[in-house]
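# Let's see this in three dimensions:
(chains A, B, C and D)
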Number of protein chains: 2
Amino acid sequence: MDAAARALAEPTRRKILRLVRDTEQTVSDIAGNFSVSRPAISQHLRVLQDAELVTARSEGTRRFYRARPEGMDELRAWMDEFWSDSLRNLKVEVEREQWNSRKRDKK
Amino acid sequence: MDAAARALAEPTRRKILRLVRDTEQTVSDIAGNFSVSRPAISQHLRVLQDAELVTARSEGTRRFYRARPEGMDELRAWMDEFWSDSLRNLKVEVEREQWNSRKRDKK
DNA sequence: TGCTTACGTTAGCATTAGCTTACAGATTCG
DNA sequence: CGAATCTGTAAGCTAATGCTAACGTAAGCA
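Below is the predicted model:
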């Protein structure tokens, strides 16, 4: 999950993910969309692959990359839990406040 | 959003977030849970604050930090869209496949 | 007024990240 | 076989990151 978060923290890598989300693409294809060198893209793809956010398939000399959305599951789950638990606690907080205010009204 | 993703990419910072999710805590309180120095925690808090993932409140010499879950909204939205669009395209893919297979059956 | 507590900030260091250039391996094509 | 294509990898540079130790500052307390 550290790897996924770190991979997503890079704008270039997020753009790459969008590029290979629906259609698998070769390294050269991908690199064509950026101003950085092709090796730089290769290194980004390496990071994405280590984070299991993309998969690769070789065909002849070319290499096709495709996004792997499930790679985000862990991070998404972490955020979802953080979010929902926080909401739940907010709810408890509000209810306690309402309870206190009822007590105050009684006095 | 870059800032949020980068901030979340650090295990220490995610732990800090959990610590101040429900109850605001001082820097020393937080630092007590880690083996790194207090200034290191201060720096992490700085990163979290720049990413708008925590808010701070001063009281005397102490400083209370509290999580700010909305700071994750942008990143969550990005992932949600990525996820759902990918699912939608998968659906289209499957439907096309079914269509082709029906065509094949007709032959 | 001094001493203490609770912080932030700075300087300095080791590590990591992202990039380019240069090179190496595999495949295809003449 | 030899040349061209597609790609990964290594070396080397700069910038950023995470840490510690030292210092600065503001508030509370004797």
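
# what are the C-alpha coordinates of the one helix or strand A:R63 maps to, in PDB please?
Here A:R63, judged by DSSP states H and E, is contained in strand A:62-67. This file holds the C-alpha atoms of strand A:62-67, laid out as PDB (Å, rounded to 0.1, in the frame of the first residue of the first chain):
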ATOM      1  CA  ARG A  62       7.000  -4.500 -28.000                       C
ATOM      2  CA  ARG A  63       5.700  -4.400 -24.500                       C
ATOM      3  CA  PHE A  64       2.000  -3.600 -23.800                       C
ATOM      4  CA  TYR A  65       1.000  -2.100 -20.500                       C
ATOM      5  CA  ARG A  66      -2.400  -2.000 -19.000                       C
ATOM      6  CA  ALA A  67      -3.800  -0.500 -15.800                       C
END
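
# could you check whether it is close to DNA strand C?
No - in terms of Cβ under 7 Å from any atom of the strand, no part of strand A:62-67 sits within range of DNA strand C; the closest distance is 8.3 Å. Using the backbone N, CA and C atoms, a C-beta is placed for each residue, glycine as well.

# How far does that strand sit from its chain's centre?
Between the centre of strand A:62-67 and the centre of its host chain there is 19 Å, according to Cα atoms, centre = their mean, to the nearest Å.

# residues of it that come out buried?
A:R63, A:F64, A:Y65, A:A67 (16 or more other Cβ atoms under 10 Å in any protein chain shown).

# closest to DNA strand D among those?
A:R63 (3.9 Å; Cβ to the nearest atom of the strand).

# Tell me who's in contact with that closest one.
Residues near A:R63 by Cβ atoms under 8 Å, 6 or more residues apart in numbering or on different chains: A:T26, A:V27, A:A56, A:R57.

# Out of the helices and strands in chain A, which is least certain?
Lowest on mean pLDDT, DSSP states H and E among the helices and strands of chain A sits helix A:73-106, with a mean of 70.

# Tell me if A:V36 really is in a helix.
No - assigned with DSSP: H, G, I helix; E, B strand; the rest coil, A:V36 falls outside any helix and is coil.

# Quick check: the gap between it and DNA strand C.
4 Å (Cβ to the nearest atom of the strand, to the nearest Å).

# OK, contacts around that residue?
By Cβ under 8 Å, 6+ apart, the contact list for A:V36 reads A:T12.

# For it, give me phi and psi.
Phi and psi for A:V36, reported as degrees, to the nearest 10, are phi -80, psi 170.

# Great, nothing more from me.
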